[in-house]
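> Quick one, what's the 3D model for this:
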Amino acid sequence: MQIAIVIAICIAFSCSSTIYAQDINQPISSDNTSYELVSNNSSIGNSSTEIDQNKTIVDTLKSTKNNSTELEEADVVNNESERPNSTSLNNNSAKEEIKAAGTTNSKYSAKFDLKSIKSAASKVKVYIETNHKLPGYVVISNYNLTMSEFLYLLVKGITQINSGISTSITLKSVSAASNPNGNSKVGVLYKSAYLTLASKVAKYIENYGRAPNYASSSLGNIQYQRLIYTMSKILNFQATKVYLPKYVSLTSISISGSSNTGEVGISNVNDAYNGEILSNYLKSTSNCQVTNSQISALSASITKGLSSKWSKASAIFNWVRNNLNYSFYYNTKYGAVQTLQLKKGNCVDHSHLLISLARAAGIQSRYVHGSAVFNSGTTYGHVWAQLYINGVWYAADAISYSNSLGVIKNWNTSSVTIKNKYAELPF
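As a prediction, this is how the structure comes out:
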């Protein structure tokens, strides 16, 4: 019997988001009947003014995404140095067995702390203001929550903060609003009014197990989508100022339901646009050879016939994830072109190829360097990509079959530490 021993040493230099509060008023119901919430203490002003917000050696098994069930990533040891270790790898046969860290228990028995809820509220607020629609879902503590479930956490969070209660909130199973509707007008809801509104929405959800189509107020019936936006603004303000706002404004912003075009939701690794100069993220670099003929031809082939930026980005991500093997070594070794030719690479070179293909398709892309707790429970240094689509930087980690564009399942997104983000990697 012949035994082959391969010792691999890899340093993958381990490869951030805010958002703001204000708006209110629509109906509550989940069937053809419009269930109303009557706000007894509503107080309204005439103005629509907005609210003021790195030793490093470990034996490791050689593995690839396609023919092994072992995954190796660079374990952060000292400063930027990393130590390889063996953990489960998702491949074609095993990928269905790999679950995101922390998802073995039901989200309905999980506890959601106020800090995490407020952070999610800030991101949802920015997403809505940028895209004029609700995200498909929101990720809190590595759990995917529907927007109806998130509304419950929002209103419970507001009422608890007002009462001085800091305990975590247990999620309820909440059905979606069946027929969101409303006719609210522009104006202001003062604190007593929005607190009454939040309390009544929470009680409605607890009593009926569903989100309301609207909630009534002195500014009219506040539609389900606008309730989520309004409550998110309130918690965003509180997260910034450490106190609840004196009022929240209800504006005329147009908000449609969750996207049905394949776009994903808001998580700790999907960042809202923060004023970056986007042209910097389309440039060709020494390891990200955007204008190389092989890169440009492949990018065009992958995206042929696709019209939306999301569909192109998703197709490029899927191609890199499905066609590259995972290889273990330090830093950049190949760059995008040679990674494409060899069809293998570590997390850094996976990112080089992915970003070059995306930029060649006109999709702004950048590198993220950080450390994360992988599903093995060990902390590793890591590099992944982010692709910019319609106001959101979506995480793109193609080293695992369990991941998709905007969705990370092979490491814990809620505890990730971001070191830096780059248009060009310095290593």
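
> which regions of the stretch 151-300 of the chain lie under the pLDDT threshold?
258-267 (pLDDT under 70).

> hey, where'd the helices end up in it?
For the stretch 151-300 of the chain, applying DSSP state H, counting those that start in this stretch gives helices covering 191-208, 224-241, 293-303.

> any chance of those in JSON lines, with distance to residue 342 too?
C-beta here means a position set from N, CA and C on the backbone, and glycine is covered the same way. Output for these, formatted as JSON lines (distance: least, CB to CB, whole Å):
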{"stretch": "helix 191-208", "distance to residue 342": "53"}
{"stretch": "helix 224-241", "distance to residue 342": "46"}
{"stretch": "helix 293-303", "distance to residue 342": "12"}
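
> what's the most buried one of those helices?
Most buried of the helices of the stretch 151-300 of the chain, by mean neighbour count (mean count of other CB atoms under 10 Å): helix 224-241, with a mean of 26.

> and it with helix 191-208, angle?
Per axes from the mean of the first three to the mean of the last three CA atoms, to 10 degrees, the angle that helix 224-241 makes with helix 191-208 is 120 degrees.

> Start the count at 54 instead of 1 going forward.
With 54 as the first residue, the last one maps to helix 277-294.

> Does anything pack onto helix 277-294? Which helices or strands?
strand 79-80, helix 167-184, helix 200-215, helix 244-261, strand 267-270, strand 300-303 (3 or more CB pairs under 8 Å, 6 or more residues apart in numbering; DSSP states H and E).

> centre of the chain versus it, how much separation?
18 Å (CA atoms, centre = their mean, to the nearest Å).

> what do you get for stretch 198-206?
Distance of stretch 198-206 from the chain centroid (CA atoms, centre = their mean) equals 15 Å.

> same thing with stretch 433-445?
Distance, centroid of stretch 433-445 to centroid of chain: 10 Å (CA atoms, centre = their mean).

> Export it to CSV, keeping only CA atoms.
Written as CSV, here are the backbone C-alpha positions of stretch 433-445 (Å, rounded to 0.1, in the frame of the first residue of the first chain):
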residue,chain,number,x,y,z
TYR,A,433,-9.3,31.4,10.6
GLY,A,434,-7.9,34.2,8.6
HIS,A,435,-9.7,34.7,5.4
VAL,A,436,-10.1,36.7,2.2
TRP,A,437,-13.3,36.9,0.2
ALA,A,438,-14.9,39.3,-2.3
GLN,A,439,-17.8,41.7,-2.3
LEU,A,440,-19.8,42.6,-5.5
TYR,A,441,-21.7,45.9,-5.7
ILE,A,442,-25.2,45.7,-7.0
ASN,A,443,-27.9,48.3,-6.6
GLY,A,444,-26.6,50.1,-3.5
VAL,A,445,-25.4,46.9,-1.7
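
> surely residue 201 meets residue 265?
No. Counting by CB atoms under 8 Å, residue 201 stays clear of residue 265, with 9.5 Å between them.

> anything in contact with each of the two?
Common contact partners of residue 201 and residue 265 (CB atoms under 8 Å, 6 or more residues apart in numbering): 230, 258.

> With neighbour numbers in mind, choose between those two.
Neighbour count, other CB atoms under 10 Å: between residue 201 and residue 265, residue 265 has more, with 31 against 22.

> What's the separation between the more buried one and residue 278?
Distance, residue 265 to residue 278, using CB to CB, to the nearest Å: 11 Å.

> wait, which of the helices of the stretch 204-353 of the chain is closest to residue 270?
Taking CB to CB, helix 244-261 is the member of these nearest to residue 270, at 5.9 Å.

> any idea of the angle the closest one forms with helix 200-215?
Here helix 244-261 runs at an angle of 130 degrees relative to helix 200-215 (the same axes, to 10 degrees).

> can I get the CA coordinates of helix 244-261 in PDB?
Written as PDB, here are the backbone C-alpha positions of helix 244-261 (Å, rounded to 0.1, in the frame of the first residue of the first chain):
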ATOM      1  CA  LYS A 244     -43.000  59.200  20.800                       C
ATOM      2  CA  SER A 245     -46.200  58.400  22.600                       C
ATOM      3  CA  ALA A 246     -47.900  57.600  19.300                       C
ATOM      4  CA  TYR A 247     -45.200  55.400  17.800                       C
ATOM      5  CA  LEU A 248     -44.800  53.600  21.200                       C
ATOM      6  CA  THR A 249     -48.500  52.800  21.200                       C
ATOM      7  CA  LEU A 250     -48.200  51.700  17.500                       C
ATOM      8  CA  ALA A 251     -45.300  49.400  18.300                       C
ATOM      9  CA  SER A 252     -47.100  47.900  21.300                       C
ATOM     10  CA  LYS A 253     -50.300  47.200  19.300                       C
ATOM     11  CA  VAL A 254     -48.400  45.600  16.400                       C
ATOM     12  CA  ALA A 255     -46.500  43.300  18.800                       C
ATOM     13  CA  LYS A 256     -49.800  42.300  20.500                       C
ATOM     14  CA  TYR A 257     -51.400  41.700  17.100                       C
ATOM     15  CA  ILE A 258     -48.600  39.400  16.000                       C
ATOM     16  CA  GLU A 259     -48.600  37.500  19.300                       C
ATOM     17  CA  ASN A 260     -52.400  37.000  19.100                       C
ATOM     18  CA  TYR A 261     -52.700  36.100  15.400                       C
END
